[in-house]
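A.B. asks: Any chance you could fold what I've pasted below:
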Amino acid sequence: MAQTETSVQNAPAPYPNATSESEHVEEPKKRNPLVLIIMALVLLAGGYYGFTRYQFAKAHESTDDAQVEGDVYPVLPRVGGPVLEVKVDENIRVKKGDVLVTIDPADYQQRVNAAEAALFAAQAQVTAARAGVGTANANVRTAQTGIGVSQANQERLQKDLKRSDLLRKQDIIPQSEYDAVQANLKATAAQRATATDQVAVARQQVAVASQQIAVAQAVVKQRQADLDNAKLQLSYTTIVAPQDGIISKKNVQPGQVVGPGQQLFGIVSSARTWVVANFKETQLEDMKVGQPVKLEIDAYPHEEFNGHIESLSAATGARFALLPPDNASGNFVKVTQRIPVRIALDKVDPEHPLRAGMSVNAVVAVK
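C.D. replies: Predicted coordinates:
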C-alpha cells in the first residue's frame, strides 16, 4: 500500500502545460500605415503620369524618323584634263569664289589663240568686202558718166544731122559726109545703150558686194562666238567654290586626270540647316504649317531646340524611290506610308551647330 501511494504521488500530473499554451496564443499583426500611404501615393502618381501622357499624346505627334538636312553643293569640273593643283583639304571652310582646283589650261589656251586668229581673218574679209562695195559704187558712177557723155554726143550729132540734112538737100555737102554724120549718131546711141547696161551691171556688183559684207559680218560673229566659247572653256580650268561651306568627301589629287561631270568633292553649306521628319500618314490629320515643334538632337541630349513646320511634302517618300511601289500589280499588303515634313529652326545656336545627317526626335504640338 505504501509503495502504491508513493508511485501515485511521484507520477507526473496529466497535461501540465495545457493552461500555459492557452494563455500564450499570438494575436494577428497590425499593418504599418506608412506602407499603405506609400502605395496610395505610387498609385496616384502613376495615374497622374498616365493621364498627363494621354493628354500630351492627344495634343502632340512625334517621330524619331527625322534627320538634319542642309545644302550640299557638288563640285564638278566642266572640262577635262590633268589636275595641276588642289588648293583645299578635307573639312576646310571656304568662301564663295575661292579657287579650289586648277586644271592644265594649255590645250584650252591653244583653242583661244586659234579662235582669235580666225576672228582676225574674218574681220579682214569684212574690210575687203567693204572695199569691194566702194569699187562697185565707183563703177556705177563711171557708167553713169558714160551715159551722160553718150547723151551729150547724141544730142550734138542729132543737131549736126539736121544741119547736114539741109545742106545735103542744097547739095552743099557730099553724100559721104552726110552718111558719116548718121553713122556717128548710131554709134553714139549704141554707146549710150552700152553705158546703160554697164550701170545695171555695176549696180548688181554693188548688191553682190553688200551681200558679201553681210556674209563676212556673219562669219565675224561666228568667229567671235567661237572665241568667247574658247575663253569660257579656258575659264572652266579654274574651279571655284559655288557657295560658302565646308569641304567634304574630297576625291581628287594633283596629277589626276578628271573628266567633265566627275564629282571632286562636296561643299556642305553651314549657312542654313533644317530638319526633315517623316511622319506616318495617320499622324497628319491635325498637322499644319506654322505649328511649333520641339526638336531633340541625339548629338546634344541636354539641349533643346525649337522650330516650326515650314511645309509638308506633296507626296510620300515612297513616291520618290528608284522603284516606286505599284499596288495594282501582285498581291497587295497595306503599309502605313510616311510623309516628309520640313521643319525650320527658330534660331541658330552657334555653340551647338547642326550637321547634315544628325538624328532627331521631333515632337509637334498639333493642338
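
A.B. asks: For burial, what's the neighbour tally of Leu264?
C.D. replies: The number of residues packed near Leu264 is 22, by other C-beta atoms under 10 Å. Using the backbone N, CA and C atoms, a C-beta is placed for each residue, glycine as well.

A.B. asks: How much space separates the spatially most central residue of the chain from Thr273?
C.D. replies: The chain has Tyr73 as the residue nearest its centroid, 9.1 Å off, counting by C-alpha atoms, centre = their mean. Using C-beta to C-beta, to the nearest Å, we find Tyr73 at a distance of 14 Å from Thr273.

A.B. asks: cool, Ile213 as well?
C.D. replies: Distance, Ile213 to Thr273, using C-beta to C-beta: 60 Å.

A.B. asks: What of Lys294?
C.D. replies: 17 Å.

A.B. asks: out of those two, which sits in the busier spot?
C.D. replies: Thr273 (19 against 15).

A.B. asks: Check which element follows the strand or helix carrying the more buried one along the chain.
C.D. replies: Per DSSP states H and E: Thr273 is located in strand 265-280. Past strand 265-280, further along toward the C-terminus, the next helix or strand under DSSP H and E is strand 292-297.

A.B. asks: got the angle for that next one vs strand 265-280?
C.D. replies: Using axes from the mean of the first three to the mean of the last three C-alpha atoms, to 10 degrees, the inter-axis angle of strand 292-297 relative to strand 265-280 is 120 degrees.

A.B. asks: So which residues make contact with strand 292-297?
C.D. replies: Strand 292-297 has contacts (C-beta atoms under 8 Å, 6 or more residues apart in numbering) with 68, 275, 277, 303-309, 343, 345, 352, 354, 358-365.

A.B. asks: In ChimeraX, how would I select the buried members of those residues?
C.D. replies: Command for ChimeraX that selects the buried part of the contacts of strand 292-297, burial taken from 16 or more other C-beta atoms under 10 Å:
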select :68,275,277,305,307,309,343,345,354,358,360,362,363,364
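
A.B. asks: what stretches of the chain score poorly on pLDDT?
C.D. replies: 1-31, 132-209 (pLDDT under 70).

A.B. asks: Can you give me the domain boundaries for it?
C.D. replies: 59-104+246-365, 106-235 (automatic domain parsing).

A.B. asks: Can I get these in JSON lines including distance to Ile37?
C.D. replies: As requested, those are exported to JSON lines (distance: least, C-beta to C-beta, whole Å):
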{"stretch": "domain 59-104+246-365", "distance to Ile37": "33"}
{"stretch": "domain 106-235", "distance to Ile37": "83"}
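
A.B. asks: so which of those domains comes closest to Gly50?
C.D. replies: Closest to Gly50 of these is domain 59-104+246-365 (C-beta to C-beta; 15.3 Å).

A.B. asks: Can you list the residue ranges for helices in the protein?
C.D. replies: 2-10, 18-23, 33-59, 106-169, 175-235 (DSSP state H).

A.B. asks: Now stretch 80-90: buried residues?
C.D. replies: The neighbour-count check on stretch 80-90 (16+ other C-beta under 10 Å) flags Gly80, Gly81, Val83, Val86, Val88 as buried.

A.B. asks: Using a markdown table, please lay out the residues you listed together with distance to Gly255.
C.D. replies: Compiled in a markdown table, the buried residues of stretch 80-90 are given as follows (distance: C-beta to C-beta, whole Å):
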| residue | distance to Gly255 |
| --- | --- |
| Gly80 | 14 |
| Gly81 | 11 |
| Val83 | 6 |
| Val86 | 10 |
| Val88 | 16 |
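
A.B. asks: which one of these is nearest Asp326?
C.D. replies: Distances from Asp326 to these, taken as C-beta to C-beta, are shortest for Gly80 (40.3 Å).

A.B. asks: Can you give me every residue that contacts the closest one?
C.D. replies: Listed by C-beta under 8 Å, 6+ apart, the contact set of Gly80 reads Ile103, Val257, Val258, Gly259, Pro260.

A.B. asks: what are the phi and psi values for it?
C.D. replies: Dihedral pair for Gly80: phi -100, psi 160, per degrees, to the nearest 10.

A.B. asks: what's the answer for Asn327, then?
C.D. replies: phi -70, psi -10.

A.B. asks: Count residues in the vicinity of it, would you?
C.D. replies: Residues near Asn327, counting by other C-beta under 10 Å, number 10.

A.B. asks: Contacts for stretch 88-100 next, please.
C.D. replies: When contacts are defined by C-beta under 8 Å, 6+ apart, stretch 88-100 is touched by residues 75, 86-87, 101, 238-250, 264-265, 267.

A.B. asks: Apologies, that question was intended for stretch 62-70.
C.D. replies: Under the contact criterion C-beta under 8 Å, 6+ apart, stretch 62-70 has outside partners 268-270, 272-280, 283, 297, 338, 343, 354-364.
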